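1. what would the 3D arrangement of this be:
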Amino acid sequence: MIPIMSKSEAAAHVESARIRQGRTWAELAEHLGTPLVWTTAALLGQHPMSTEQARSVCDLLELGDDVAEGLALQPGRGTPAEVMADPTIYRFTEALSVYGPALKALIHEEFGDGIMSAINFQVDIARRPDPDGDRVVITLDGKFLDYRW
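-> Okay, the predicted model is just below:
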């Protein structure tokens, strides 16, 4: 029996097909009718896709059932250390190192004792023109979860 393709291998097939066909992540998200960042994360292996979603995107990208099967698997979430060292990704670590304590203090002041969920969560990205160079606008929108004792 042939083993099920891993999510990372399925993601590599998606990325190759996407690039070779000249498609954007936004086109794939629009095709599926799903949020851009969620779709990109799912296709890179961080979220499970429904069987229908996986089949639909694989049909669009002319990928086989083996890739769709891998995309529908439950992921082991996280990012390898070598990817975390990528300058774009590392900037997020740097930003949270600098602003994380302030954001934590402001969340507690505004909401009380608790955390922002990363499960009941939405994230979006946008480009904002600026005379000094375009700006990257990232919105993190997580449900507040209060600590309950």
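2. would you map out the domains in the chain?
-> 7-72, 83-146 (the TED database).
3. straight-line length of the first one, end to end?
-> Length of domain 7-72, first residue to last, Cα to Cα, to the nearest Å: 8 Å.
4. okay, the domains of the chain in a markdown table with distance to residue 1, mean neighbour count and mean pLDDT next?
-> Every C-beta, even on glycine, is put in place using the N, C-alpha and C of the backbone. Compiled in a markdown table, the domains of the chain are given as follows (distance: least, Cβ to Cβ, whole Å; neighbours: other Cβ atoms under 10 Å; pLDDT from 0 to 100):
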| stretch | distance to residue 1 | mean neighbour count | mean pLDDT |
| --- | --- | --- | --- |
| domain 7-72 | 12 | 17 | 97 |
| domain 83-146 | 31 | 11 | 96 |
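5. ok, which stretches of the protein are strands?
-> In the chain, the segments counted as strands under DSSP state E are 114-128, 135-146.
6. where's the spatially most central residue of the chain relative to residue 146, distance?
-> For the chain, residue 41 is the residue whose C-alpha lies nearest the centre (Cα atoms, centre = their mean; 2.8 Å). As judged by Cβ to Cβ, to the nearest Å, residue 41 and residue 146 stand 27 Å apart.
7. and if you look at residue 29?
-> According to Cβ to Cβ, residue 29 and residue 146 sit 32 Å apart.
8. for the closest residue to residue 42 other than its chain neighbours, what are its contacts?
-> Leaving out its chain neighbours, the residue that sits closest to residue 42 by Cβ to Cβ, 6 or more residues apart in numbering is residue 49, at 5.2 Å. Taking Cβ atoms under 8 Å, 6 or more residues apart in numbering, we find residue 49 in contact with 42-43, 57, 71-72.
9. can you list the strands of the chain in TSV and add distance to residue 89?
-> As requested, those are exported to TSV (distance: least, Cβ to Cβ, whole Å):
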stretch	distance to residue 89
strand 114-128	14
strand 135-146	12
